[in-house]
Every structure is written in structure tokens, then in C-alpha cells.
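S.K.: task: produce atomic coordinates for the following.
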Amino acid sequence: MEKRNKIGLQKEDSRQVADRLNELLANYHLYYQNLRGFHWNIKGVHFFQLHNKFEALYNVALTKIDVIAERILTIGHQPLHTFSAYIQASKIKEETNLTDGRETVAATVAGLNTLLDLERDILRLAAESGAEGTVGLLSEDINENEKTRWMLHAFLS
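M.R.: Here you go, the predicted model:
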């Protein structure tokens, strides 16, 4: 039995990376949906600023969702693709009825913290398994998420 997948990575290593990427995918879906809700429901003195920011953030998240799912396929596995699977696998929980600027930004920062923790863990696993494509994807995403977290944290300060 062949021990390497179609792109030359060890199958077992790829399975472990894919499992963790599916966890990241699930968390990104909840993060994305929370951002949509914040965009739709934000109120208060920062409405215009945050309405636009949440839209920009959910558009970025949607692109990342697609990239993560395609990476899972590239390494030979199936991405999660149902809401029930996302909810079950996600550490990020649904946020409901948040309309206040500080609360929505704080929830967004908390979501980013979860994503960053997962990404850093998966980055180490991918590096150990020689999955350079996954390493590159995660390195870029970590850099962007760290900057976004820093900016939102500045808003809260």
C-alpha cells in the first residue's frame, strides 16, 4: 500500500493535518457567521465604522474558508461541509443579539484568539510533516490575523 498521497506527503501525516484543518475550517465558519451578525445588527455611535469593518472582515473570512477547504482537498481529504459539523467541531460559539460596538469587537477579538491558537498549533504539525503548502497558507493567515487582532484591540483600549 502506498504511504504517500498524490502530492507526495505521508498519508498519515496528511490525515492529521487535515483533521486539524477541518477544526480550523469549522471555527472559521462560526467566526464568519458571527461577523455577519455583527455587521447586520451593530448599533451606536460607531455604527458606520464597525458596519464597514465587519463587512470587510467577513469577506476576508469567506475567502479563507475556501482556501482552507481547498487545502484539505489538496492533501487528499474531505472538508467538513455541514453546519452541524461546524458547530460540533468549533470552539468558537454562536454569538446572538450583540449590537454594542465594544461587545462585538471583544467577541471578534476572542474569535481571532481562537483562530490564532489553532493556526499556530497546525503550523507546527504541518512543519513537522513537511506540508510546506499548509505552512505557507497558515503563516500568511497568522500574520493577517495578528494585525487585525492588534487593530481591534487598539479600538478597545
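
S.K.: contact partners for the residue nearest to residue 16 when sequence neighbours are not counted?
M.R.: For residue 16, ignoring the flanking residues on the chain, the nearest one in space by CB to CB, 6 or more residues apart in numbering is residue 125 at 6.3 Å. Using the backbone N, CA and C atoms, a C-beta is placed for each residue, glycine as well. Taking CB atoms under 8 Å, 6 or more residues apart in numbering as the criterion, residue 125 is in contact with 16, 17, 20.

S.K.: most neighbours among the residues you listed, which one?
M.R.: residue 17 (24 neighbours; other CB atoms under 10 Å).

S.K.: show me what contacts that residue?
M.R.: Contact partners of residue 17, counting by CB under 8 Å, 6+ apart, are 75, 122, 125, 126, 129, 131, 134.

S.K.: what do you get if the cut-off is 10 Å, keeping everything else the same?
M.R.: Under the criterion of CB atoms under 10 Å, 6 or more residues apart in numbering, the contact partners of residue 17 comprise 9-10, 71-72, 75, 77, 122, 125-126, 128-129, 131, 134-135.

S.K.: give me the buried positions along the helix or strand hosting it.
M.R.: Under the assignment given by DSSP states H and E, the secondary-structure element containing residue 17 is helix 11-41. Judged by neighbour count using 16 or more other CB atoms under 10 Å, the buried positions of helix 11-41 are 11, 13-18, 20-39, 41.

S.K.: ok, now stretch 113-122?
M.R.: Using 16+ other CB under 10 Å as the burial criterion, the residues of stretch 113-122 that qualify are 114, 115, 116, 118, 119, 122.

S.K.: cool, and stretch 105-115?
M.R.: Buried positions in stretch 105-115, judged by neighbour count with 16+ other CB under 10 Å: 105, 106, 107, 108, 109, 110, 111, 112, 114, 115.

S.K.: and the residue lying closest to the third one once chain neighbours are set aside, how far from residue 150?
M.R.: Which is residue 107. The spatial neighbour of residue 107 that comes closest, neighbours along the chain excluded (CB to CB, 6+ apart), is residue 95 at 5.1 Å. Relative to residue 150, residue 95 is positioned 21 Å away (criterion: CB to CB, to the nearest Å).

S.K.: what of residue 99?
M.R.: 24 Å.

S.K.: so between the two, which is more surrounded?
M.R.: With other CB under 10 Å as the criterion, residue 99 and residue 150 differ in neighbour count, and residue 99 comes out ahead with 14 against 11.

S.K.: I appreciate the help and will end here.
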